[in-house]
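*Asks:* The sequence isn't on hand, but the structure is:
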């Protein structure tokens, strides 16, 4: 089991090309170098034209200091699996294993299981893809063992390893249901725990992707819509995507994992200046658009000023 420590990823604008610095104190006021991780969908396959991007911070036009493609080997990918998933999930393990072993050399990958509000991992992040793939196992498949995937996500992103660098991606494999929201009704889609997890991921600069998959027990059946709605909410807020919106479990994870890999390959880091507002350094709203034909941008809707990624 790996215990992750609380960290803050920060650096100066001059260090953007080099490895980012960690645990550096952020000023309590004024503009500071900031970055955000985005992904791009291009219908024509044309590369992103940075000149056609426009950025607003809190509704005000803000110039971009740089737009840099994520290097294929400079990324960390955490695959977080709900330990309460149905035993049939074991049939999906070959697809997950193939995804891991096919990652570009240098990508650090972690396989973790969400159980009782925490992420449990045997090895943590590693560039040994074969070893990471070998750590996959059959889920416990006990109803409720996950507690809440959003508790797990919050704890994980807040304790991302201090020696990490590069773009941060999470793939959640879970039904997405928040059992502590009081109701899984489609009329109750406002969970403070989901919101907290979303904001924790934004502060850490993590893009949270997901594929919905039912767990064992009745709760999953009646809460399928609720869970998928929450997963989509977190994905969109962090500049990612939730790939599956079906009524049952997907036949194969392969096509969705292929889309996930494509999103990683088509990710960029945008750099800009954002104002720190007070010592608590709250999240700041951003809005990124492109006027490039056939291009769709996935960007977080909020960032923490002063957090800079390589």
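*Replies:* Happy to help now that I have it. On a predicted model such as this, the values are computed, not experimentally measured, just so you know. Residues are numbered from 1 along each chain as shown.

*Asks:* From here on, just use CA atoms for contacts and neighbour counts.
*Replies:* Will do.

*Asks:* and residue 208, how far is that from residue 286?
*Replies:* 17 Å (CA to CA, to the nearest Å).

*Asks:* So which of those two has more stuff around it?
*Replies:* Shown here are residue 208 and residue 286; by other CA atoms under 10 Å, residue 208 has more neighbours (27 against 20).

*Asks:* is it true that residue 274 touches residue 308?
*Replies:* No. In terms of CA atoms under 8 Å, residue 274 does not count as a neighbour of residue 308; the distance is 11.1 Å.

*Asks:* shared neighbours of the two, anything?
*Replies:* 33-34 (CA atoms under 8 Å, 6 or more residues apart in numbering).

*Asks:* Just want to know which of the two has more residues nearby.
*Replies:* Shown here are residue 274 and residue 308; by other CA under 10 Å, residue 308 has more neighbours (30 against 23).

*Asks:* Is that one in a helix, a strand, or coil?
*Replies:* Assigned with DSSP: H, G, I helix; E, B strand; the rest coil, residue 308 falls in the coil class.

*Asks:* so it touches residue 33, yeah?
*Replies:* Yes. Using CA under 8 Å, residue 308 makes contact with residue 33 at a distance of 6.9 Å.

*Asks:* low-scoring pLDDT stretches of the stretch 1-150 of the chain, where are they?
*Replies:* For the stretch 1-150 of the chain, the stretches flagged by pLDDT under 70 are 1-29, 143-144, 146.

*Asks:* Spell out the residue ranges of the helices in it.
*Replies:* 93-101, 129-134, 149-158 (DSSP state H, counting those that start in this stretch).

*Asks:* which of those sits most buried?
*Replies:* The highest mean neighbour count among the helices of the stretch 1-150 of the chain, using mean count of other CA atoms under 10 Å, belongs to helix 149-158: a mean of 24.

*Asks:* I'd like the next helix or strand past that helix.
*Replies:* With elements assigned by DSSP states H and E, the helix or strand that comes after helix 149-158 is strand 167-174.

*Asks:* circling back: in TSV, list the helices of the stretch 1-150 of the chain along with distance to residue 170.
*Replies:* Putting these into TSV (distance: least, CA to CA, whole Å) gives the following:
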stretch	distance to residue 170
helix 93-101	13
helix 129-134	15
helix 149-158	9
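
*Asks:* among those, which is nearest residue 54?
*Replies:* helix 149-158 (28.3 Å; CA to CA).

*Asks:* centre of the chain versus the closest one, how much separation?
*Replies:* Here the centre of helix 149-158 is set off from its chain's centre by 11 Å, with CA atoms, centre = their mean, to the nearest Å.

*Asks:* I'd like to know which elements it is packed against.
*Replies:* strand 108-115, strand 118-120, helix 192-204 (3 or more CA pairs under 8 Å, 6 or more residues apart in numbering; DSSP states H and E).

*Asks:* Grab the nearest non-local neighbour of the residue sitting nearest the centre point of the chain.
*Replies:* Closest to where the C-alpha atoms of the chain average out (CA atoms, centre = their mean) is residue 208, at 2.0 Å. The shortest distance from residue 208 to any non-neighbouring residue, by CA to CA, 6 or more residues apart in numbering, is to residue 170 (4.8 Å).

*Asks:* show me what contacts the one you found?
*Replies:* So residue 170 contacts 77-80, 206-210 (CA under 8 Å, 6+ apart).

*Asks:* same check, this time on residue 147
*Replies:* 115-117, 179.

*Asks:* Show me what residue 171 bridges to in the sheet.
*Replies:* residue 79, residue 209 (DSSP bridges).

*Asks:* What's the per-residue pLDDT of it here?
*Replies:* pLDDT, residue 171: 98.

*Asks:* show me what contacts it?
*Replies:* Here residue 171 is in contact with 77-80, 208-211 (criterion: CA under 8 Å, 6+ apart).
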